[in-house]
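[1] My questions concern the predicted model and sequence given below.
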2 protein chains.
Amino acid sequence: MQSSTEEDYLKAIFKLSTNIKNGVSTNSIAEELNTKASSVTDMVKKLSEKGLVNYIKYQGSSLSKEGEMIALKIIRKHRLWEVFLVEKLKFGWDEIHDIAEQLEHIRSPKLVDRLDEHLGFPKTDPHGDPIPNKKGEFPVQKMVTLDKLSVNDKGILIGVSEDSKDFLNYLDGIQLQLGSSIEVLDFFAFDKSLKIKVNNDLEVTISHKVSSNLNVSKAK
Amino acid sequence: MQSSTEEDYLKAIFKLSTNIKNGVSTNSIAEELNTKASSVTDMVKKLSEKGLVNYIKYQGSSLSKEGEMIALKIIRKHRLWEVFLVEKLKFGWDEIHDIAEQLEHIRSPKLVDRLDEHLGFPKTDPHGDPIPNKKGEFPVQKMVTLDKLSVNDKGILIGVSEDSKDFLNYLDGIQLQLGSSIEVLDFFAFDKSLKIKVNNDLEVTISHKVSSNLNVSKAK
DNA sequence: AAAGGTATTTAGATTAGTCTAAAAATGTTT
DNA sequence: AAACATTTTTAGACTAATCTAAATACCTTT
C-alpha cells in the first residue's frame, strides 16, 4: 500500500509522461508538485525500490506497468469525484480541483465503483478529460490544441489542459465551456495570439498561452 | 489549521467526555485511538499549547470551547458522509464507518454545506446519532432510562447514571458502551428484569437496578 | 578537450507523529 | 504511613517527507 504522497508522485509522473517517451526529469516533477528536486530524488528512489517507477540516475523517471495502474486509479477517482461535485453538488468547474485532490486519496474500491454507478458511469469529467474504467482503460481522444488551427477553421472545445481556478474563471468570462463552438477569425504572428468567435456570438482575442491549453475537436 | 491526526485526538476526547465532567484520562485516549499513552501525552501537550485542550499533568484532558467546535465540525462531516454513503450509494450501515473516518478530514466548508443540502438536511446519521448544524449546535437528545422502554423498543445508550467501578466494569463485561444499540427482547414482571440484545449481537438479561441506570435515546 | 552552466544527487538537518523503556507521580492496600 | 501497583510522563530513538547547501554529473560552448 502506498501513501498519499507516493500517489501524488505517481500521478505527476503520469501527467508529465503523456507525450514524452523517455523518462521525465527530476526538475519537472519537482515543479509539478511544488517541491524541491532533492525531495524528488529521494522519492523516485523509494518508488523505484517498490517497483512502481523506473528510475535511472541522472536520466529521469517513468512509470512501471504497476505504477501506471495506480496512477490511473487515482485519476479515475479524481475525475469521478469531480463529476459528483459538479453534477450532484452544483459546484462550478473552477471550484472542484482542490477538493478532488483530497477526495482522490480516499481508500475504498467499493466506494469508487458505487460512485461510478451513482453518477451513471460518466465517460468524461467536467473538464472534458476521459475517465478510466475499473481496469484503467480509457478511449484515446483525437483532439488538437486550438493553436494548431488556421484562420477560418472551426472546432468544439472538448477539454482544457490547465485546471487552475484563474484559468477556468477566465474561460467562464469569455463564455467558453466544454461544448462551446470556436471559430478562428484571425492570427497575429508577432505574439501568436488568436482572434476567435465563441458560440457564434462573442469575439475575443486570446493569447497563445490560452490557445495552447484548449483542446478542440476540429470541425470538418 | 490542525492536522488530521490532531482532529482525531479532538474527536476522541469529545467522545470520551460525553458523560464525564472532569478530564478524560491519557490511557483512555490511547485506547480509543489504538496508540500508546506516551504518544497521547505528547499530543495533548501540543493541543494544549494551541489552546484546543485543557490539559493538567497527571489529571487528564478536556476540550476548550474552540477544541469542542472543531470536534463538532469533524463529527458533523463524519455523520453527513455516513448519510451520503447509505442514502445515495446504498452502503450497509456496518460498512460506512471506515470510509467516513477518511471523508471526515476533507477540508472544504462549502463542500460540507452543499452535501448537507444535497442530503436534505438530515437530522441524524444511519446509527441514529444527531448531526450538529453549521454552528456545531447539537439538538438535545431526549433520553429515557432503559427500564421505561417496552418489549421490541430499540435505543442507543447515551449515558449512565452511576459511575461506580463495579457498575462500569459490569457494563464493559456485557459489551455495553456509550453508543451501543439496545433492543428490548423481553420483560419479566416478577423482578422487572429485561432481556436485551446489545449491538445487534449479544443477548443478555439485566436487572432492574441496571436498566434504571442506563440512559438511552429511544429509536424511532 | 577544457570551461562554464545547468541538472541532479548526496549529506545532514528538521518536523510530525510514533514507539520502547525508564522514571516519576498517583492511588490503593495493608 | 510504608509498600505495592498503576498511570502518566520523560528521554531517546525511529520513520516519512521535506529542506538547504554542497558535491557531482551531464551538456553545451568555445
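    Ah, there it is. Residues are numbered from 1 along each chain as shown, chains lettered A, B, ... in the order given.
[2] Return the backbone torsion pair for the most far-flung residue of chain A relative to its centre.
    Largest separation from the mean C-alpha position in chain A: A:F190, at 28.9 Å (CA atoms, centre = their mean). When quoted as degrees, to the nearest 10, the phi and psi of A:F190 stand at phi -60, psi -30.
[3] repeat for A:S3
    Main-chain dihedrals, A:S3, degrees, to the nearest 10: phi -80, psi 170.
[4] try A:G92
    Per degrees, to the nearest 10, the backbone of A:G92 is at phi -80, psi 160.
[5] ok, longest helix in chain A?
    In chain A, with assignment by DSSP state H, the single longest helix is helix A:65-83.
[6] pLDDT of that one, averaged?
    In this model, helix A:65-83 has a mean pLDDT of 97.
[7] With stretch A:204-212 instead?
    Taken as a whole, stretch A:204-212 has an average pLDDT of 92.
[8] Could you check how far that stretch is from the centre of its chain?
    18 Å (CA atoms, centre = their mean, to the nearest Å).
[9] Straight-line length of that stretch, end to end?
    End-to-end distance for stretch A:204-212, by CA to CA, to the nearest Å: 16 Å.
[10] So which bits of that stretch are buried?
    Buried positions in stretch A:204-212, judged by neighbour count with 16 or more other CB atoms under 10 Å in any protein chain shown: A:I206, A:V210, A:S211, A:S212. (Each C-beta comes from the backbone N, C-alpha and C, glycine too.)
[11] can I get the CA coordinates of the longest helix of chain A in PDB?
    Output in PDB follows, covering the C-alpha atoms of helix A:65-83 (Å, rounded to 0.1, in the frame of the first residue of the first chain):
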ATOM      1  CA  LYS A  65       3.200  -1.100 -15.500                       C
ATOM      2  CA  GLU A  66       2.100  -1.300 -11.900                       C
ATOM      3  CA  GLY A  67       2.900   2.300 -11.200                       C
ATOM      4  CA  GLU A  68       0.800   3.300 -14.200                       C
ATOM      5  CA  MET A  69      -2.100   1.200 -12.900                       C
ATOM      6  CA  ILE A  70      -2.000   3.000  -9.600                       C
ATOM      7  CA  ALA A  71      -1.800   6.400 -11.300                       C
ATOM      8  CA  LEU A  72      -4.800   5.600 -13.400                       C
ATOM      9  CA  LYS A  73      -6.800   4.500 -10.400                       C
ATOM     10  CA  ILE A  74      -6.100   7.800  -8.700                       C
ATOM     11  CA  ILE A  75      -7.000   9.700 -11.900                       C
ATOM     12  CA  ARG A  76     -10.200   7.700 -12.100                       C
ATOM     13  CA  LYS A  77     -11.100   8.600  -8.600                       C
ATOM     14  CA  HIS A  78     -10.200  12.300  -9.100                       C
ATOM     15  CA  ARG A  79     -12.400  12.600 -12.200                       C
ATOM     16  CA  LEU A  80     -15.400  10.700 -10.800                       C
ATOM     17  CA  TRP A  81     -15.400  13.000  -7.700                       C
ATOM     18  CA  GLU A  82     -15.200  16.000 -10.000                       C
ATOM     19  CA  VAL A  83     -18.300  14.800 -11.800                       C
END
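[12] in terms of contact, does A:D163 touch A:H127 like I think?
    Yes. Using CB atoms under 8 Å, A:D163 is in contact with A:H127, at 5.7 Å.
[13] Return the distance of A:I174 relative to DNA strand C.
    Distance of A:I174 to DNA strand C, computed by CB to the nearest atom of the strand, to the nearest Å: 34 Å.
[14] burial measure for that residue, as a count.
    When neighbours are counted by other CB atoms under 10 Å in any protein chain shown, A:I174 registers 16.
[15] For it, which non-adjacent residue is closest in space?
    In this structure, A:I174 finds its nearest non-sequential neighbour in A:V204, 4.8 Å apart by CB to CB, 6 or more residues apart in numbering or on different chains.
[16] Surely that neighbour is in a strand?
    Yes. A:V204 sits within a strand when classified using DSSP: H, G, I helix; E, B strand; the rest coil.
[17] Now do the contacts for it.
    Contacts for A:V204 (CB atoms under 8 Å, 6 or more residues apart in numbering or on different chains) come out as A:I174, A:K195, A:I196, A:V198.
[18] when you scan stretch A:5-22, is anything in it near DNA strand D?
    Yes. On the criterion CB under 7 Å from any atom of the strand, stretch A:5-22 is in touch with DNA strand D at A:T5, A:E6.
[19] Summarise which helices and strands the least confident helix or strand in chain A by mean pLDDT is packed against.
    Using mean pLDDT, DSSP states H and E, the weakest-scoring helix or strand in chain A turns out to be strand A:214-219, at a mean of 82. Helices and strands touching strand A:214-219, by 3 or more CB pairs under 8 Å, 6 or more residues apart in numbering or on different chains; DSSP states H and E, are strand A:144-145, strand A:154-160, strand A:181-188.
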